[in-house]
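J.: Okay, sequence plus prediction incoming.
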Amino acid sequence: MNTTNTCQTEKAKRDYVLLRKALDHNDQQAYAELMRLYRDSIYYMLVRMVKNKDDAEDLTLMTFGKAFRYLDKYTPKYAFSTWLYRIALNNSIDFLRVKNNMPQYFEEDLYTSSTTSIIDKSEDNLQRTPEEEIIDKQRLQLLRAAVSELPDRYRRVIELRYYEDLAYEEIAERLSLTLSNVKIQIMRAKQMLAELMKPMRNAM
């Protein structure tokens, strides 16, 4: 980080002092204060971007994690808030690019792929054709194959969330992880699955 503080506003000067404490002394309170100052504004910006509160919360944590990891790259020529919003924006764009490439049935498939029979027996689906049932079974077989290809830690959170139907809090307790860690791992696992499913989906 350039040590010359070229920011002029009082807010920018305050942020720069906190940044220097964080970088020079690994001051955890400084990191926490920066997050407190900007967490809500980043979160609400992301809610508007991704239209989902859980996803926005995950992306908010990822934004601060990335910002703090690369804090030495920040230059005070620009306001810290501007730099932070840029990271959040880029994260949301990447997230939406992956999400929009997922088939619409992706989330539903994860929930149903552990069952012996994947066909919904509700009244609405009594008229399903044999061809539709075969396609659904093939689709879920491919999804389960993709899940098995995930690294162990990501495969495990997907299995606990979708196969065992555990809440995030229960997963955190089971794996001795923080709640935010569980949410981030599940989101990353979904992104990996989307990439794994692309060639499989194109072959169907």
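T.: Yep, it's here. Residues are numbered from 1 along each chain as shown.

J.: Mind picking out the helix or strand in the protein with the poorest mean pLDDT?
T.: Ranked by mean pLDDT, DSSP states H and E, the helix or strand of the chain with the weakest confidence is helix 106-112, at a mean of 64.

J.: This protein: helices as residue ranges?
T.: With DSSP state H, the ranges of helices along the chain come out as 10-25, 28-50, 53-69, 80-100, 106-112, 130-148, 152-158, 168-175, 179-203.

J.: now those helices as a markdown table including mean neighbour count?
T.: (Glycine included, C-beta is placed from N, CA and C.) Shown next, in a markdown table, are these (neighbours: other CB atoms under 10 Å):
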| stretch | mean neighbour count |
| --- | --- |
| helix 10-25 | 16 |
| helix 28-50 | 16 |
| helix 53-69 | 19 |
| helix 80-100 | 16 |
| helix 106-112 | 16 |
| helix 130-148 | 15 |
| helix 152-158 | 17 |
| helix 168-175 | 16 |
| helix 179-203 | 18 |
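
J.: among the ones you listed, which gets the worst mean confidence?
T.: With a mean of 64, helix 106-112 has the lowest mean pLDDT of the helices of the chain.

J.: could you check the distance from residue 96 over to residue 195?
T.: 15 Å (CB to CB, to the nearest Å).

J.: Please read the previous query as pertaining to residue 23.
T.: The gap separating residue 23 from residue 195 is 34 Å, by CB to CB.

J.: What of residue 59?
T.: Distance of residue 59 to residue 195, computed by CB to CB: 18 Å.

J.: and the gap between residue 144 and residue 77?
T.: From residue 144 to residue 77 the distance is 50 Å (CB to CB).

J.: domain parsing for the chain?
T.: Domain ranges of the chain: 10-100, 106-203, per automatic domain parsing.

J.: Just give me how far the shortest one sits from the chain centre.
T.: Right, the one you point to is domain 10-100. Put simply, domain 10-100 sits 15 Å off its chain's centre (CA atoms, centre = their mean, to the nearest Å).

J.: Now do the phi/psi pair for residue 77.
T.: Main-chain dihedrals, residue 77, degrees, to the nearest 10: phi -60, psi -30.
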